[in-house]
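**Q** got a predicted structure plus its sequence, pasted below:
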Amino acid sequence: METLNKIDYDRIASAIGYLKANFKAQPSLEAIAEHVHLSPFHFQRMFKEWAGVTPKKFLQYLSVEYAKGILKDKQATLFDAAYETGLSGTSRLHDLFINIEGMTPGEYKNGGEQLQINYSFAESPFGSLIVAATPKGICYMAFAEDEVRAFEELQKSFPNAQYRQMLDMIQQNALYIFTQDWQRLSEIKLHLKGTPFQLKVWETLIKIPMGKLVTYGNIATEMDNAKAGRAVGSAVGDNPVAFLIPCHRVIRSTGDFGEYHWGSTRKTAMIGWEAAKIGS
């Protein structure tokens, strides 16, 4: 099943890349299906199972105009708790369920030699990933196609930690986020190594509701540091926990989605998928 999921996401990603590259031409269902070597019927069914909407509907979420509209939509109150209360439970997921605890210097000193880290590999709607946790919470999650390289990247963060490949309850609970089954989701604790500024940026990202988009400037302003846009961008790029800390919801003020640590096509897929979940 995991192999099948991976093949499906690879085809979805290929289709989204094709849609982005040929957006102005508004490609037909037949053209997109041919690009991913499927019949129109099978492609439409596979895509709708993944996104919840048809490729034609999904296409509207990829436009700069759509993104600009989201940026303008009640932007001043985006981070306001009272406004968020009026949103659906789905869109408030991150703010309600995810809590960040910064690691103490003692916990990550000497390359994290005091840390015991469990890690495992899993499939998500956006491809394969590695997820890792200390006894206090998730410390790392990244999209990765190569398991050996993915583990090497994890080790770079804590080179002297004790590692064990096993799926624990902390990881399992975090992975429920992809099932859209909020009833099974307990509070997700993140146990992160970062500067006070980085932790503040990551905490601010968690407040962005699902289906919404913000700019780096919006985040800097929310942090009462309007001139810190460049530093915010750096902290967003250093995010150690993909999706749970939703840095993919940060785009350029022009409405262009911009780059993403785990690939711009994946970022486009995530933004469109979330928009479809909220809009469908």
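**A** Thanks, I have the structure now.
**Q** can you give the contact residues for the helix or strand hosting residue 123?
**A** Using DSSP states H and E, residue 123 falls within strand 116-124. Strand 116-124 is touched from outside by 2, 5-6, 9, 128-135, 139-140, 143-144, 147, 150-151, 154, 158, 161-168, 170-171, 175, 178, 243, with contacts defined as Cβ atoms under 8 Å, 6 or more residues apart in numbering. For the C-beta atoms, the positions are set from N, CA and C on the backbone; glycine is no exception.
**Q** so what are the sheet partners of whichever helix or strand comes after that strand and their directions?
**A** Downstream of strand 116-124, the next assigned helix or strand under DSSP H and E is strand 127-134. Using DSSP bridges, the strands paired with strand 127-134 are strand 116-124 (antiparallel), strand 137-143 (antiparallel).
**Q** tabulate these (CSV), appending distance to residue 204.
**A** What follows is those, written out as CSV (distance: least, Cβ to Cβ, whole Å):
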stretch, distance to residue 204
strand 116-124, 24
strand 137-143, 18
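**Q** of those strands, which stretch is the most buried?
**A** Of all the strands paired with strand 127-134, strand 137-143 has the most neighbours on average by mean count of other Cβ atoms under 10 Å, namely a mean of 23.
**Q** what is the mean pLDDT for that one?
**A** For strand 137-143, mean pLDDT rounds to 96.
**Q** before we move on, what about stretch 232-239?
**A** In the prediction, stretch 232-239 has an average pLDDT of 93.
**Q** now it: buried residues?
**A** 232, 233, 235, 236, 239 (16 or more other Cβ atoms under 10 Å).
**Q** just the CA trace of that stretch, in CSV.
**A** Extracted in CSV, the C-alpha atoms of stretch 232-239 (Å, rounded to 0.1, in the frame of the first residue of the first chain):
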residue,chain,number,x,y,z
VAL,A,232,11.9,35.8,9.4
GLY,A,233,12.5,34.4,5.9
SER,A,234,15.7,32.7,7.2
ALA,A,235,13.9,31.3,10.3
VAL,A,236,11.1,30.0,8.0
GLY,A,237,13.7,28.3,5.9
ASP,A,238,15.2,26.6,8.9
ASN,A,239,11.9,25.0,10.0
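**Q** so for the strand holding residue 123, mean pLDDT?
**A** 96.
**Q** who's in contact with residue 242?
**A** With Cβ under 8 Å, 6+ apart, residue 242 has these contacts: 129, 141, 142, 143, 261, 262.
**Q** which two among those residues are spaced furthest apart?
**A** The largest separation in the contacts of residue 242, counting by Cβ to Cβ, is between 129 and 261 at 12.6 Å.
**Q** between these two, which one's more packed in?
**A** Between residue 129 and residue 261, counted using other Cβ atoms under 10 Å, residue 129 has the larger neighbour count: 21 against 16.
**Q** tell me the contacts of that one?
**A** Residue 129 touches 121, 122, 123, 141, 142, 143, 144, 150, 242, counting by Cβ under 8 Å, 6+ apart.
**Q** out of those residues, who's nearest residue 100?
**A** residue 141 (13.2 Å).
**Q** that closest one and residue 103, how far apart?
**A** 16 Å (Cβ to Cβ, to the nearest Å).
**Q** what's the burial count for residue 277?
**A** Considering only other Cβ under 10 Å, residue 277 is surrounded by 17 other residues.
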